[in-house]
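Student: Please work out how this folds:
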Amino acid sequence: LIRSPLTSVYAECDATPANLAGYQADMIMRSRQAAGMYGCSFRVELLEVTAGDPLTWWGSRSTSAKDIRVGFRVSNTIVSGEHMGTTMDVQFIPGVLWDQFLVLSLYDEKNDRVAGSLPLQEHPMIEQPTMFHHCLQLSPELRVRWTLPPDGLSVEFGLETSISSTYTMNFGPASPNASNRLMGGADAAVVGHSPSTNEPFALDYYMSSYIECYPSQASQHPGAVEGVCEDAVYADAAQASNVELLYAHQLEGVSLIRFRRPLVSPDLVYDHPITPEEAQNYIWAVSPYLMDESKDYKFPLRVGPAILYHGPRTGEVFDLVLTNTTSNCAHFQGLITAAEDPSSDQSAYATSVELYGGTVTVSWRVVGAQIAFQVKSNRPCRWLSMAIGTQMNNGHAYVAWADQDSNLKLQSYSMTGQAPSDVKLINSEAMSEVGVELGSDGRMSFSFTRQLDGSCVEAGASCSVPSIDTGRMVPFIWAIGDSWRDGPLQVSDTHSDRSALAVYINLANGRSSTAAVDRRLVSHGWLMYLAWGAMIPFSIMAARFLKHYPNTLWLKVHQGMACAALVTMCIGLAVAIAEEWKDERHLRSTHSKMGVATLVLAAVNPINAYFRPPKKDDDDSTLPRVSKLELLLRNVRRLWRERRLQWEIGHRVVAIVGMILAIITLFSGLDSLERHGLRSKQEYEVALGVWFAGLMCVIVVLEQHQRYQIKRLQPLEELPIMTASEAARSSNGNVAKRG
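Tutor: Here you go, the predicted structure:
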C-alpha cells in the first residue's frame, strides 16, 4: 500500500496535487512477486519482493517499455534484498514533483525490468487482487493470505503455492467441536486449476469422514453421501457452494487463487461460521489431481475436477485469530523468474511464455478490454511472425519485417492455406502502440495492443480478426524467415523455420501446455524401427546362422524378412511425406536426407540379389529351353559367375553400411520427434540402445556357437576312409600283436 502525502514526515509534500492528496492504492504485481500498498514523499506498507538486483523508485509517463526506459529516478531510496511485510518511507529527490510522472514503479535498472507499478489515478483506492493484509506460512510450499472487507460479512482468502499446478490447495475451518484429528467434520475450500481445461476453480467441501465421497451405507435417504464431498453433492445442502472464486494467476512458478466465503453461511450443516475476533482451528492440505479424467476410474461422487487423497502434505492450524496482524510468511525458494536480459521488453508485461522450440518468446498484459503483446525472436531473422491458431491453415498472423531499406513494419494477416496467395493482408484491424525493433545481432522483436473482441478500425467493419477469450486456452505458433514484402508474397518469402507444435496459453493465469506430437510422425517412427530394428537384423541373422537347415530355409527367411522390411519402410516413408508435405518442407532436415539414403540402400540389395552370380559348380546348360528374355537374363548371370566372391562382399557391405546408417537415422529421428513434442526422448534413446546392444550380444553368442560346432565336426571330416581289405589287414595285425 502506498499512501500520499505524509505531511508530518516531509514538508515538501505540501506541493502534492489536489487529486493525489490522501491517495492510496495497491501495487500491480509485474515480477519478483512484488506487492505493496502505496501514498510527496510516500509510505509503502506491507512491501514484498523476492531477492535480486537492487530496485529503484521510478517515474514514467506510462507502463510501456519505451516510456519506462526514458523515465527517471524519483528517489535515492534503494530497495535491496528480500522483503516480506516491510514498511518503508520514501523521500523524493529535490526538484521531483508528483505532476512530472503518471506511473510510479519499482524498477530494476540493471535488467530493464519492472517489479511493480502504480498508475496514478483520480481515485481514492485501487485494490489489486494480489494484495492482502495478513499472511501465514502453512508449509515451505504453501501459504494462506486473507483480508477482511469493510462490510464485515465475509472474508477473502488467498492460497499460494510453489508446487506443481497439478495439485489443489485446500483450506478451511475445522469443526468447532473438534479438538484433535481436525479433518473430520471440517469445512474446506478446495481451489486450483483444472488439469483438463486449465480453468481456475474454487469448490466448497465438507468432510463428514475420512473416506472418499461415496453413497452413504448408513442412511436410508435417497442421494445421501458420506466422506470428503463437495457441498453440491449433498442432497440436503441449503446452498450448493458458499465459496466464490475472485481471482487466479500463475506467475514465476507461484500459483495464487483468491476466493471469498461468508462469515456466517446460510448452510448451517455443511458450513462452519467464522468469527474473525475469536481463535479458531483450521485445516489445510495439498492434493494431486486425477490427471486423466477421460478414463473410467469409477471415481467417487463429484461435481468439479477429480481430486486424489492428499497424502502427507497436510496440517492443522490451532487458535488462529483473523483480526490479529499477521505477516508470518517467507518467500518461496527456487522460483522461476523472467530472464534477466538487459534488452528485454518484458518489464512492461505481466507474463511471458516461450513458444515451442525456444526460438520465440511471447509476453503480454491484459488491460481492460485490450491485450498488449510483445514478441521476441531469440535468433537472427528478417521477418518474425506470431500467429493465433494451431497451424497456418485458418490462422491469424502478426508479421514484423524489415524491407530492403531497413524500414520496420508490422501487419496482420489471415491464412487460409499453405500457398503464398493464401496469406491475405488485413488493413482494418485495430492495433495501437505498435513498435518493431531489429537489434544489432539481427534478432527482431515487435509489440502491439489489440482489442480482445477483435474489433476493426471502423465500427461494424468485417476484418476477420478472431476474438481472444483470456479465460480459455489459446493456441499460438511462430515462424521466422529471410524475406517479406508489401505486395503479393512469393515462394521466396516462405519461412526458414517455424514451430513444430502449437502452445496453448491461458492468458488470464499464464498456464501453458504443448499440443501432442502428430500421430503420423509417431507411426513413421515405429514403422522404421520395426523395419530396421527387427526385420533387417533378423534377415541378416537368418543368412548367417540358418544355412544348416534343409530346403534352403535361410534363403526363404532372408528374402521374406528383407522384402517385408522394404514394404514397411515404404509405408513409413509415405506417412512421413504426408506430414512433411503439408507445410511444404520437402525433406529439408538432415534426418530426412539420411532416411532417404537408408531406403535407397535397403532397395539396392533386393535388386542386386536377383542378379546374384551362381557358384562355379552351378550349370544351367541342361535346363529346358526358355524365352528370349529369360535367356538374356541367364547370359547376364553367366557373366557374373566368375564374380561371385566380389558380389558376396558387395552385398554384405551394402547391408552393413545400410544398417549402421539406419541406426544413426533412428536416433536422429528421436531428436526430430523431440522438436515435434516427444516428451521422453531419453527414455526412447535408452530403450533403442539396449535393443541394439541386445541384438549384438545375440549375434556374438550365435557366432561363437557356430564356430564351436564347426570345430567339433572338423576332426570327423578329416578321418581317412578305409576299404574292406585295409580294414581286415588292420584287424589281423592287431590280433597278431596281441598273440
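
Student: Secondary structure element holding residue 365?
Tutor: strand 360-367 (DSSP states H and E).

Student: Adjacent strands (with direction) for that strand?
Tutor: Using DSSP bridges, the strands paired with strand 360-367 are strand 351-354 (antiparallel), strand 370-380 (antiparallel).

Student: Residues touching the shortest one, excluding its own?
Tutor: Surrounding strand 351-354, the residues in contact under the criterion C-beta atoms under 8 Å, 6 or more residues apart in numbering are 249, 251, 338, 346, 360-365, 374, 503, 505, 507, 510, 512. (Glycine included, C-beta is placed from N, CA and C.)

Student: Now the strand holding residue 365: buried residues?
Tutor: 360-365 (16 or more other C-beta atoms under 10 Å).

Student: Closest one of these to residue 327?
Tutor: For the buried residues of strand 360-367, the residue nearest residue 327 by C-beta to C-beta is residue 365; the value is 28.1 Å.

Student: Kindly provide the distance from the nearest residue to residue 169 once chain neighbours are set aside to residue 387.
Tutor: Nearest residue to residue 169, sequence neighbours excluded (C-beta to C-beta, 6 or more residues apart in numbering): residue 159, at 4.0 Å. Distance of residue 159 to residue 387, computed by C-beta to C-beta, to the nearest Å: 36 Å.

Student: So what's the predicted local confidence for residue 128?
Tutor: For residue 128, the pLDDT comes out at 76.

Student: tell me which element it falls in.
Tutor: Per DSSP H and E, there is no helix or strand for residue 128.

Student: now it: how far from residue 193?
Tutor: 20 Å.

Student: Who has more neighbours out of those two?
Tutor: Ranked by neighbour count (other C-beta atoms under 10 Å), residue 128 and residue 193 place residue 193 first, with 23 against 18.

Student: Surely the more buried one is in contact with residue 169?
Tutor: No. Here residue 193 lies out of contact with residue 169, judged by C-beta atoms under 8 Å, at a distance of 10.3 Å.

Student: got any residues that touch both of those two?
Tutor: Common contact partners of residue 193 and residue 169 (C-beta under 8 Å, 6+ apart): residue 255.

Student: low-scoring stretches of the stretch 1-150 of the chain, by residue?
Tutor: Scanning the stretch 1-150 of the chain for pLDDT under 70 picks out 1-41, 121-126.

Student: which residues of it fall in helices?
Tutor: For the stretch 1-150 of the chain, helices defined by DSSP state H, counting those that start in this stretch occupy the ranges 65-69.

Student: From the contact counts, what lies against the lengthiest helix in the chain?
Tutor: What stands out as the longest helix in the chain, according to DSSP state H, is helix 681-718. In terms of contacts (3 or more C-beta pairs under 8 Å, 6 or more residues apart in numbering; DSSP states H and E), helix 681-718 is packed against helix 536-545, helix 644-675.

Student: could you say which helix or strand contains the residue nearest to residue 169?
Tutor: Going by DSSP H and E, residue 159 is in strand 154-161.

Student: That strand pairs with which strands, and in what direction?
Tutor: strand 142-147 (antiparallel), strand 254-262 (antiparallel).

Student: Which of the residues in it are classified as buried?
Tutor: In strand 154-161, counting by 16+ other C-beta under 10 Å, buried: 154-161.

Student: Figure out the length between the terminal residues of stretch 215-232.
Tutor: Across its full length, stretch 215-232 reaches 14 Å between end residues, using C-alpha to C-alpha, to the nearest Å.

Student: what do you get for stretch 577-590?
Tutor: End-to-end distance (C-alpha to C-alpha), stretch 577-590: 15 Å.

Student: For the residue nearest to residue 665 when sequence neighbours are not counted, pull up the helix or strand it's in.
Tutor: Leaving aside its sequence neighbours, residue 665 sits nearest to residue 594 (C-beta to C-beta, 6+ apart; 4.4 Å). Residue 594 is located in helix 590-610, with elements delineated by DSSP H and E.

Student: From the chain's centroid, how far away is that helix?
Tutor: 36 Å (C-alpha atoms, centre = their mean, to the nearest Å).

Student: can you map out the helices along the stretch 501-650 of the chain?
Tutor: Under DSSP H, counting those that start in this stretch, the stretch 501-650 of the chain gives helices at 519-530, 536-545, 553-581, 590-610, 628-640, 644-675.

Student: Mean pLDDT lowest where, among the ones you listed?
Tutor: helix 628-640 (a mean of 68).

Student: Mind putting the strands paired with strand 360-367 into CSV with mean neighbour count, distance to residue 691 and mean pLDDT?
Tutor: Formatted as CSV, the strands paired with strand 360-367 follow (neighbours: other C-beta atoms under 10 Å; distance: least, C-beta to C-beta, whole Å; pLDDT from 0 to 100):
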stretch, mean neighbour count, distance to residue 691, mean pLDDT
strand 351-354, 20, 34, 78
strand 370-380, 20, 36, 89
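
Student: List the beta-bridge partners for residue 171.
Tutor: residue 189, residue 284.

Student: Quick one: neighbours of it, just the number.
Tutor: Neighbourhood size, residue 171 [other C-beta under 10 Å]: 24.

Student: I'd say it and residue 283 touch.
Tutor: Yes. Judged on C-beta under 8 Å, residue 171 makes contact with residue 283 at a distance of 7.4 Å.
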